[in-house]
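Undergrad: sequence first, then the predicted structure, then my questions.
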Amino acid sequence: EKGGFEHFMLKEIYEQPKSIRDTMRGRLLVEEGVIKMAGIWDHQERFLNAKRIIIVACGTSYHAGLVAEYLIEDLARIPVEVEYASEFRYRNPIINKRDVVIAISQSGETADTLAALKLAKEKGAFIYGINNVVGSSIARITDAGSYTHAGPEIGVASTKAFTAQLTILSLIAIKLGKHNGNLSTERFNALISELDSIPELVQETLETTAEQVIEVAEKYKDAPNALYLGRGYNFPSALEGALKLKEISYIHAEGYPAAEMKHGPIALIDENMPVVIIATKTGHYEKVVSNAQEIKARKGQIIAVVNKGDQEVRKIADHVIEIPNSSEEFSPILAAIPLQLLSYYVAVKLGRNVDQPRNLAKSVTVE
Ligand code: M6R
């Protein structure tokens, strides 16, 4: 049932071209120039009149929510707040009827996310679910929702569910941007045809990055710590990369917005500190290059995720991992792939129980 792969996690990483395509199927209609999502369309008044969108989630799903903050604010110009469900539910949040609360959850059973949603519902918000498991508790209590069609995710580390969440969130942001007049037809068409090509680009990323990633994993597997840095759309990618490494390899890792380095974490940098930097061409590239220089000046070991053909970062980094070119909006989907593979191979080389890491459960049904 692992389809010839050694672990479910690896199988699920390699399934992503398909799971992303499945998530778009029937929704992204490039020829017709439409995004069809009944959950949004049937409630468009709620979305288009929303004063703000609040996203609640935990773990990897929270990181998908952070990417959505960039997507929705950028493309649809609706204010977005992203909250850990566990914090949101206990701080007497201010919620009103014109808020739309979106819960992102692979399992649809995460206790804190479910409770946060119930609270928002009691206060009159419109509640929307982005879940992978059909008929799950969250899916049942929401007013509407969109399922990710990633298929069953068995590995405790979330991989294909994450990229499916990013896919749904991209569709929602683009759809809302079109309907509220923020996206021209031209821009809308460009975005949807690029999104349609993402499964192929994910396939290409899997094929072209694995070898370099294995080399990097071998070199740094004994490091006690690692830092992950990114900016803009790829700041959440840094958080997600670090979470993935921690949970399956048990190496302490932290994700940071790259510019925050100088406010503290840079003190950690020396020749023993591996620093994974996401430095894609679109979005703050020059600034990330200068962050990389600051790290190199302190002898940090730089592993850079860059776009194909990159010249600048190559001069500074110890290792470069090239991903295909894309718009900034979709770069977190592509950047996720080598970071998933990196955590996987480090964990395998350390002999960890990749699919069932210690102390963790696939769905966290207690708070
Ligand atoms: O099922 P959910 O998406 O609600 O789960 C949330 C987190 O428990 C989950 O993403 C967790 O962080 C993963 N193990 C990360 O890989």
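TA: Now that the structure is in, tell me what you want to look at. Please read all numbers here as calculations on a predicted model, not as lab measurements.

Undergrad: for this protein, which helix is longest?
TA: Secondary structure of the chain per DSSP state H: the longest helix is helix 185-220.

Undergrad: pLDDT score for the nearest residue to I138 once chain neighbours are set aside?
TA: Among residues not flanking I138 along the chain, G108 sits closest, at 4.1 Å (C-beta to C-beta, 6 or more residues apart in numbering). Every residue, glycine included, has its C-beta placed from N, CA and C. Each residue has a pLDDT score; the one for G108 is 97.

Undergrad: quick check: G108 vs the ligand, distance?
TA: 7 Å (C-beta to the nearest ligand atom, to the nearest Å).

Undergrad: who are the contact partners of that residue?
TA: G108 sits next to G129, N131, N132, V133, S136, S137, I138, A139 when contact means C-beta atoms under 8 Å, 6 or more residues apart in numbering.

Undergrad: mind redoing it with 10 Å?
TA: Listed by C-beta atoms under 10 Å, 6 or more residues apart in numbering, the contact partners of G108 are 114, 129-142, 145, 147, 363.

Undergrad: of these, list those near the ligand.
TA: Among the contacts of G108, proximity to the ligand is found for S363 (C-beta under 6 Å from any ligand atom).

Undergrad: could you turn the buried ones of the contacts of G108 into a PyMOL selection?
TA: Burial among those is assessed by 16 or more other C-beta atoms under 10 Å; the matching PyMOL selection reads:
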select buried, resi 114+129+130+131+132+133+136+137+138+139+141+142+145+147+363
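
Undergrad: among the contacts of G108, which are located in helices?
TA: Those of the contacts of G108 lying in helices (DSSP H): L114, S137, I138, A139, R140, I141.

Undergrad: just checking, the third one touches I104?
TA: Yes. The pair I138 and I104 passes the contact test of C-beta atoms under 10 Å, sitting 9.2 Å apart.

Undergrad: who touches both of those two?
TA: In contact with both I138 and I104: T110, T113, G129, I130, N131, using C-beta under 10 Å, 6+ apart.

Undergrad: the fourth one and I53 touch, don't they?
TA: No. I130 lies out of contact with I53 (C-beta under 10 Å); the separation is 11.9 Å.

Undergrad: give me the common contacts of those two.
TA: What both I130 and I53 touch, as defined by C-beta under 10 Å, 6+ apart, is the set G65, A68, I102, I172.

Undergrad: for the closest residue to M261 other than its chain neighbours, pull up the helix or strand it's in.
TA: Residue nearest to M261 in three dimensions, not counting chain neighbours: N291, with 6.1 Å by C-beta to C-beta, 6+ apart. N291 belongs to helix 285-297 when assigned by DSSP states H and E.

Undergrad: for that helix, which positions count as buried?
TA: So helix 285-297, judged by 16+ other C-beta under 10 Å, has buried residues Y285, V288, V289, N291, A292, I295, K296.
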